[in-house]
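Engineer: From the sequence below, what's the structure:
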Amino acid sequence: MKKLMISLMLVTFVAFCMAGCSKSGQPAAAKTFVLVHGAWQAPYVWNIVKSQLEARGQNVIVVELPAHGNDTTSPIAVSIDVYRDKVIAAIQSVKGKVILVGHSMGGVVITAVAEKIPSKIEKLVYIGAFLPANGQSLMDLAMTDAQSILGPNLIPSKDQLTLDVNHDKIIDIFCQDASVDVQKEVLAKFRVEPAIPFGNKVTLTDANFGSVMKYYIHTAQDHAVGIDLQNRMVTAAHITKTYSLDTGHSPFLSKPDQVTALLLTIIKN
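Structural biologist: The predicted structure follows:
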């Protein structure tokens, strides 16, 4: 068993190095990654991936969406467009193009961003994310997901402005494969989610959103966004560059090394 563990560690290390280095053995050319978290989460979920990318010479910006993390914006004041504009502001501070990465609900956000400023985005990367077509909302997609256990465990507030989740199911939904310490952090930092953006539909065009190169990283053991829905969204968006992680909904929490290695691979592909 000890020999097997050592072998697996060596394989991961070699794959990580190969993904982050050029043929000459030098680090891959520096890019700027803009990372967008999903619903019921916050920038902290990207901490390890951010540190690993920066250690490989990359630039990283993590966006805190309004009404998430430490942001005190009222839930009634947010929408997909508000999220979009927060991400656009972060991108506009960067010289040149960025690699824009979105997880879960963040997939809708980066889609809206790409429609607005396609010339600033080199590549779009979806990780277990919602990927709407023109005229669709996150809720439209979620309603078709028979595999997700999130829907039955949603708890709307009386004013319908926020959505809570059955706290006994938070870990199973979002990070069943993460370490106990990570799971404790997720529970400690959990806060209710603004409801309005879930119903906001996006308007997309071939000239803008359609012009940006797209990648999808599947999360095969996902309990929040089922793999069948992931596959349908990828097919509808005509994405051919796909990868798969055998993880739950939050691979950056359970397998951050693998997420980092894939992002570094995507730089070159």
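
Engineer: rest of the way, CA atoms for contacts and neighbours
Structural biologist: OK.

Engineer: so where's the stretch 1-150 of the chain shaky on pLDDT?
Structural biologist: Within the stretch 1-150 of the chain, the stretches with pLDDT under 70 are 1-28.

Engineer: all strands of it, in order?
Structural biologist: Per DSSP state E, counting those that start in this stretch, the stretch 1-150 of the chain carries strands over the ranges 32-36, 59-63, 98-103, 121-127.

Engineer: would you turn those strands into a markdown table with distance to residue 169 and mean neighbour count?
Structural biologist: As requested, the strands of the stretch 1-150 of the chain are exported to a markdown table (distance: least, CA to CA, whole Å; neighbours: other CA atoms under 10 Å):
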| stretch | distance to residue 169 | mean neighbour count |
| --- | --- | --- |
| strand 32-36 | 23 | 24 |
| strand 59-63 | 26 | 19 |
| strand 98-103 | 20 | 24 |
| strand 121-127 | 21 | 23 |
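
Engineer: so can I have JSON lines of those showing distance to residue 268?
Structural biologist: Below are the strands of the stretch 1-150 of the chain laid out as JSON lines (distance: least, CA to CA, whole Å):
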{"stretch": "strand 32-36", "distance to residue 268": "14"}
{"stretch": "strand 59-63", "distance to residue 268": "16"}
{"stretch": "strand 98-103", "distance to residue 268": "12"}
{"stretch": "strand 121-127", "distance to residue 268": "11"}
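
Engineer: do you know how far residue 151 is from residue 88?
Structural biologist: Look at residue 151 and residue 88: by CA to CA, to the nearest Å, they are 30 Å apart.

Engineer: ok, those two, which is more surrounded?
Structural biologist: Neighbour count, other CA atoms under 10 Å: between residue 151 and residue 88, residue 88 has more, with 19 against 15.

Engineer: excluding its backbone neighbours, what's nearest that one?
Structural biologist: Distance criterion CA to CA, 6 or more residues apart in numbering; nearest residue to residue 88, sequence neighbours excluded, is residue 113 at 6.5 Å.

Engineer: any idea how far the one you found is from residue 89?
Structural biologist: According to CA to CA, residue 113 stands 10 Å off from residue 89.

Engineer: Over to residue 265?
Structural biologist: Going from residue 265 to residue 89 by CA to CA gives 27 Å.

Engineer: One more: residue 142?
Structural biologist: For residue 142 relative to residue 89 (CA to CA), the value is 28 Å.

Engineer: which one of those two has more residues nearby?
Structural biologist: Shown here are residue 142 and residue 89; by other CA under 10 Å, residue 142 has more neighbours (19 against 11).

Engineer: Give me the neighbour count for the closest residue to residue 227 other than its chain neighbours.
Structural biologist: Nearest-residue entry for residue 227: residue 220, 5.8 Å, with adjacent residues in sequence omitted and distances by CA to CA, 6+ apart. Neighbours of residue 220 under the rule other CA under 10 Å: 18.

Engineer: mind listing the helices for the stretch 101-250 of the chain?
Structural biologist: Ranges of helices in the stretch 101-250 of the chain, per DSSP state H, counting those that start in this stretch, are 106-116, 138-142, 170-174, 180-188, 227-236.

Engineer: Could you give me the buried positions within the last one?
Structural biologist: Of the residues in helix 227-236, those with enough neighbours to count as buried (16 or more other CA atoms under 10 Å) are 227, 229-230, 233-234.
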